[in-house]
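Q: my questions are about this predicted structure, shown below with the sequence.
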Amino acid sequence: MRSLSQAMLILAALSAPPRAEPVLSLAGTMPASGDYGEVIGAMREMRLSSTSILLRSDDFDRGNGYDPMDDWPAIANQVYPALDIRLHLTLAVIDTVADRRPADLRDRPWDDPETVARFNAFLTEVLTRMADVDLIAISIGNEVDATLTDATRPAYARFFAATRAHARTLRPDVPVTVTQTYAGLMATPGARELANLGDGWAVTYYPLEPDFTVRDPDTVPTDMAGLRSLATPPIWLVEAGFPSDGCGAGSPAAQARFFDLVLEETRDFAFVNLTWSHDIGDAEVETYTEYYGVGTPCFARYLGSLGLKASDDRPKPAFDAMVRRAR
C-alpha cells in the first residue's frame, strides 16, 4: 500500500498543468530545384507550422525611403497566412559582422535621432505590409554581439529601446527581442544586459570552436543548462544548427543526435528554430564566406551541410528522426 505522502505526490502530478512546449520552427533555405514547395513539404512532414525570415534594412531603405527590389513583406503576407504558417521576423540592422543600416547612416551613433526615425519608418512599412501574418516574435538585429563593442553597445541599447517601443505600438502582443550568439551571451556581461532589455533572450546556437571545428553534440545538455542559468526567460532559440559534414564531430549521425538533444533540452523554451531545411550550394557557400570574411575550409564545410535535407531534397538521418518524432 502506498503511503499518504506518496499518494499526495501522485495526485499532485496528475493534477498539475502540462508543461508548455516551445513553438518549433524550421528555417527554410531554397533547394537546388528552386522550388520553395520543397521547404513547405519538409515542414509538413515534420508537422511544423512555423518558419523564419530575415530582412536586412539596407535592402529596403537605400537612401530614398522604403524602396526594395523585392517586397518580401508583401510577398510573405500573400504566402504564409494562406498556408497557416506563423513567422519569426528578424530585422537585421546589424547582421553578425555587418552594419546593415542604409549607407548614409553608418557613420552616426546608434542612438542618433535620424537613425532611430529611419528604422522606425522601415519597421512601420514592414509590419503594415505583413498585416495578416501571424508573428511569433520580432528580433531587432541579428547576432549583434559580433559587431558591438563595450563602447558602442550602450548607444545600441538606446536604439533598441526606442525601436522596440515603436514595434510594440504596431504589434502590441508580439514580443520584441535582440538576437545574440550563445558564445557572446555566455562570455559578455554587456551582451546579457542588452538581452534583458527585450522580451526574453533571443539566441543563436551552433556548437563550434573558434576555428569552426564542430564540438560533440553531447555538449548540448551542458550548454543549454549554462544558458538557462544566466538567461532571463523566455528563451527564444532563433537558430539551432549542426553540420552533417565538417571538421571535428560533424557527421550525419551527429547531426541527428544534436537535434534530438536540442529538443529534449529546450522543453521550457519559448521558441526553437531548426536551421536549415536544405543544404545550400557551392555558389551560396562562397557568397557567405566572402560576406563573413572567413576563408577556412571548416567554415565552408559547416555552411554547406547545415540542412536537414540535402540540396536535392534527399532526407538526412536528422530529418528522418524529426519526422519519426513528430508522429
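A: Structure received. Source: prediction; values computed, not measured.
Q: so Tyr182 makes contact with Thr204?
A: Yes - in this structure Tyr182 lies within contact range of Thr204 using CB atoms under 8 Å: 6.6 Å. Every residue, glycine included, has its C-beta placed from N, CA and C.
Q: for stretch 49-66, buried residues please.
A: 49-58, 60-61, 66 (16 or more other CB atoms under 10 Å).
Q: helix or strand for the residue nearest to the spatial centre of the chain, which one?
A: Nearest to the mean C-alpha position of the chain, counting by CA atoms, centre = their mean, stands Val238 at 2.5 Å. Using DSSP states H and E, Val238 maps to strand 235-241.
Q: same question, Leu26
A: Here Leu26 is assigned to strand 23-27, by DSSP H and E.
Q: alpha carbons of that strand, as PDB, please.
A: Provided in PDB are the C-alpha atoms of strand 23-27 (Å, rounded to 0.1, in the frame of the first residue of the first chain):
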ATOM      1  CA  VAL A  23       7.000  26.700 -30.700                       C
ATOM      2  CA  LEU A  24       9.000  24.500 -33.000                       C
ATOM      3  CA  SER A  25      10.100  26.000 -36.300                       C
ATOM      4  CA  LEU A  26      12.100  25.200 -39.400                       C
ATOM      5  CA  ALA A  27      14.300  27.800 -41.100                       C
END
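Q: hmm, who's touching it?
A: For strand 23-27, the external contacting residues (CB atoms under 8 Å, 6 or more residues apart in numbering) are 39, 42-43, 46, 48, 50-52, 86, 88, 136, 239, 263, 270-277, 308.
Q: let's go with 7 Å and repeat that
A: By CB atoms under 7 Å, 6 or more residues apart in numbering, the residues outside strand 23-27 that reach it are 42-43, 46, 48, 50-52, 88, 136, 239, 270-277.
Q: same check, this time on stretch 238-253
A: With CB under 7 Å, 6+ apart, stretch 238-253 has contacts from 27, 52, 88, 139, 179, 202-207, 212-217, 254-255, 258, 262, 271-276, 298, 301-302, 305-306, 316-317.
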